[in-house]
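please work out how this folds:
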Amino acid sequence: MNWTDLKEKIYYQDGSYRDIYVLQTNVADWEIWIDYVNKNYRLDWFNRKTDKSENQIDFGVIKEFWSANHDLYSIAKVFIDKIQINAHFFDSTEMESDIDPSEFNSIKDHDKLIKYISDVSKLLDKELILTPENEPKTILFKVNKDDILFPVSL
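Below is the predicted model of the structure:
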């Protein structure tokens, strides 16, 4: 796989983002993921309960949101060097994040994302998929631990 093909088929720039999904998750999966990113990545998470930006995600606040104890939805920005992954906490049954394809300028950037996705797949023992924004059935690639499948021809 070469960068030109990846840029054209995966990281094309049309003004939309790409979504990263982990399907059929549960609260325990989220706790594992939050612990992992809190320990391994630079984060920016706005805690709407305290109205402060924090460098760690407070899992207790996220669980409160899911329990409908407050309506203070938040997003965590997870940084892989200059690449920003926006993690959404819509509900506990699915992990959804998004990336801006304009931040991917080389095969090295792609490899950094693949490493992150592969690490999360191993931690959760689940497959992750990358799709065009709001098109969860249009899979650009799948990662299951160290296996990467590109359904689009590259």
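
could you say what helices and strands the worst-scoring helix or strand of the chain on mean pLDDT packs with?
Lowest mean confidence among the helices and strands of the chain (mean pLDDT, DSSP states H and E): helix 59-66, at a mean of 91. Helices and strands touching helix 59-66, as assessed by 3 or more C-beta pairs under 8 Å, 6 or more residues apart in numbering; DSSP states H and E, comprise helix 27-40, strand 83-91. The way it works is simple: take the backbone N, C-alpha and C, and place the C-beta from them, glycine included.

from Glu127, how far off is Trp45?
26 Å (C-beta to C-beta, to the nearest Å).

hmm, I typed the wrong one, I wanted Leu6.
Distance of Leu6 to Glu127, computed by C-beta to C-beta: 20 Å.

those two - which one has more neighbours?
Shown here are Leu6 and Glu127; by other C-beta atoms under 10 Å, Leu6 has more neighbours (20 against 17).

show the average pLDDT along the helix or strand harbouring the more buried one.
Leu6 belongs to helix 3-9 when assigned by DSSP states H and E. On average, the pLDDT along helix 3-9 is 96.

give me the angle between the helix or strand that that helix is followed by and strand 83-91.
Remark: after helix 3-9, the chain's next helix or strand is strand 18-23, criterion DSSP H and E. Relative orientation of strand 18-23 versus strand 83-91 (axes from the mean of the first three to the mean of the last three C-alpha atoms, to 10 degrees): 40 degrees.

quick check: the residue most central in space within the chain vs His88, distance?
The centre of the chain sits closest to Ser97, judged by C-alpha atoms, centre = their mean, with a distance of 3.5 Å. From Ser97 across to His88, the span is 7 Å (C-beta to C-beta).

quick one: the closest residue to Trp30 other than its chain neighbours and Tyr41, what's the gap?
Spatial nearest neighbour of Trp30, chain neighbours left out: Ser92 (5.9 Å); criterion: C-beta to C-beta, 6 or more residues apart in numbering. Counting by C-beta to C-beta, the separation of Ser92 from Tyr41 is 21 Å.
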